[in-house]
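Enquirer: how would this look folded up:
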Amino acid sequence: VLKHEKHTKLHAAYCYYYFANKTPVQQLINDALVLAKRHEFDVFNALDILDNDSLLKELKFGIGDGHLQYYLYNWRCPTVVAKEIGLVLL
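Expert: Predicted coordinates:
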């Protein structure tokens with residue numbers, strides 16, 4: 001969309017955090033994808049934290065081209081892989 005004559009906006013949906021109680025997680029995320037499409041979002045972003053990696057592969061998500069940095073203010077910790085990170089946004 002950068003410097004494109006027709007397409008000047010990119011509408012992005014984000015899946016930061018979810019909780020599945022009775023609904024299977026894959027169905028929950030699939031329903032979120034359907035809703036994002038219905039509301040004309042162009043992309044659906046999700047983080048590969050915790051068990052999301054295998055779920056996102058099952059739903060045929062493509063790996064993005066960016067490199068995400070997790071910053072924890074005033075925390076010292078060793079290098080952690082995405083599967084070991086849980087993220088709660090307040």
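
Enquirer: quick check, distance from the lengthiest helix in the chain to the centre of its chain.
Expert: Longest helix of the chain, by residue count under DSSP state H: helix 25-38. Chain-centre distance of helix 25-38: 12 Å, with CA atoms, centre = their mean, to the nearest Å.

Enquirer: Which other helices and strands does it contact?
Expert: Helix 25-38 is packed against strand 12-15, strand 43-46, helix 52-58, with contacts defined by 3 or more CB pairs under 8 Å, 6 or more residues apart in numbering; DSSP states H and E. In this view, the C-beta of every residue, glycine as well, is placed from N, C-alpha and C.

Enquirer: one more time with 7 Å
Expert: strand 12-15, helix 52-58 (3 or more CB pairs under 7 Å, 6 or more residues apart in numbering; DSSP states H and E).

Enquirer: Of those, give the one that comes closest to residue 27.
Expert: helix 52-58 (10.8 Å; CB to CB).

Enquirer: For the helix or strand of the chain with the lowest mean pLDDT, buried residues please.
Expert: Ranking every helix and strand in the chain by mean pLDDT, DSSP states H and E puts helix 52-58 at the bottom, with a mean of 84. Neighbour-count burial for helix 52-58 flags 52-53, 55-56 (criterion: 16 or more other CB atoms under 10 Å).

Enquirer: Widest-spaced pair of the residues you listed?
Expert: Applying CB to CB across the buried residues of helix 52-58, the maximum distance is between 53 and 55, 7.2 Å.

Enquirer: low pLDDT regions in this protein?
Expert: Confidence mapping of the chain against pLDDT under 70 gives the ranges 67-75, 87-90.
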